[in-house]
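*Asks:* return a 3D structure for these sequence lines:
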Amino acid sequence: MAKAAVFLDRDDTLIENIPYLGDPSQVRLMPGAAEACQTLHRAGFLLFIVSNQSGVGRGLITKEQVRAVDQRMESLLGKSGIISGYYHCFAAPGDPYDERRKPSPTMLHEAAKDQSLSLQSSTMVGNRLTDIQAGLEAGCASILLSLRVPDEDREEAIRTATFVAKDWPSVVEWILKKAKK
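*Replies:* Numbers count the residues shown, from 1 in each chain. From the prediction side, this is the model:
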């Protein structure tokens with residue numbers, strides 16, 4: 001039977017965005033992220049990171065640095081293995097050879113195939129219009145976490161999202177209610 005997942009953007013959704021972050025010591029969780037992930041995990045959801053990391057394609061950071069930041073983030077979330085998988089696009093914007101970059105739903109489709117997930121039962125959570133578009137295009141509900149939405153994305157992301165959450169507790173409440181239906 002296909003499982004439900006929560007797909008999570010990383011920067012300014014789970015952790016504070018520091019452009020091209022390669023130093024794990026600088027990882028800071030967004031308010032409420034640890035509690036939210038722990039609650040969703042306990043409720044039986046598989047959690048996946050779906051993140052554009054163009055710093056690799058630009059030559060500013062390495063894949064190993066991205067992995068080190070992810071490991072630090074996961075330890076701060078409070079439990080090893082709380083994240084079931086990581087799907088990154090390392091291409092720089094405009095790279096004609098990589099169609100995985102959000103807003104493409106490709107990384108969500110890859111996770112669904114790899115992990116036998118039901119995209120229709122799953123939810124994408126992010127802070128940018130591209131996160132919302134990727135989730136909707138994949139067939140998921142898409143939540144805009146409005147803690148740090150870029151001004152250029154705000155209006156369209158609010159209009160497009162399945163739900164707009166003011167904080168992580170609102171995200172969890174919405175997902176849990178959706179799962180009961």
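*Asks:* when you work out contacts or count neighbours from here on, use the C-alpha atoms and nothing else.
*Replies:* Fine.
*Asks:* residues contacting the residue lying closest to Ser51 once chain neighbours are set aside?
*Replies:* Leaving out its chain neighbours, the residue that sits closest to Ser51 by C-alpha to C-alpha, 6 or more residues apart in numbering is His88, at 4.9 Å. The neighbours of His88, taking C-alpha atoms under 8 Å, 6 or more residues apart in numbering as the test, are Ile49, Val50, Ser51, Asn52, Gln53, Met107.
*Asks:* please name every helix or strand in contact with the longest strand anywhere in the chain.
*Replies:* Secondary structure assigned by DSSP state E gives strand 46-52 as the longest strand of the chain. The helices and strands touching strand 46-52, judged by 3 or more C-alpha pairs under 8 Å, 6 or more residues apart in numbering; DSSP states H and E, are strand 5-8, strand 85-89, helix 106-115.
*Asks:* how far off centre is it?
*Replies:* What separates the centre of strand 46-52 from the centre of its chain is 4 Å, taken as C-alpha atoms, centre = their mean, to the nearest Å.
*Asks:* who does that strand pair up with?
*Replies:* Pairing partners of strand 46-52, with direction, according to DSSP bridges: strand 5-8 (parallel), strand 85-89 (parallel).
*Asks:* which one, of those strands, ends up nearest to Tyr20?
*Replies:* Comparing the strands paired with strand 46-52 against Tyr20 with C-alpha to C-alpha, the closest turns out to be strand 85-89 (13.2 Å).
*Asks:* now the angle from that closest one to helix 106-115?
*Replies:* Computed with axes from the mean of the first three to the mean of the last three C-alpha atoms, to 10 degrees, the direction of strand 85-89 lies at 150 degrees from that of helix 106-115.
*Asks:* how far off centre is strand 85-89?
*Replies:* Centre-to-centre, strand 85-89 and its host chain are 9 Å apart (C-alpha atoms, centre = their mean).
*Asks:* state the mean pLDDT of that strand.
*Replies:* Averaging the model's pLDDT scores along strand 85-89 yields 97.
*Asks:* again, but for stretch 22-33
*Replies:* Averaging pLDDT along stretch 22-33 gives 98.
*Asks:* what's the answer for stretch 39-56, then?
*Replies:* When the per-residue pLDDT values of stretch 39-56 are averaged, the result is 97.
*Asks:* how about it: buried residues?
*Replies:* Of the residues in stretch 39-56, those scored as buried under the neighbour-count criterion (16 or more other C-alpha atoms under 10 Å) are 39-41, 45-56.
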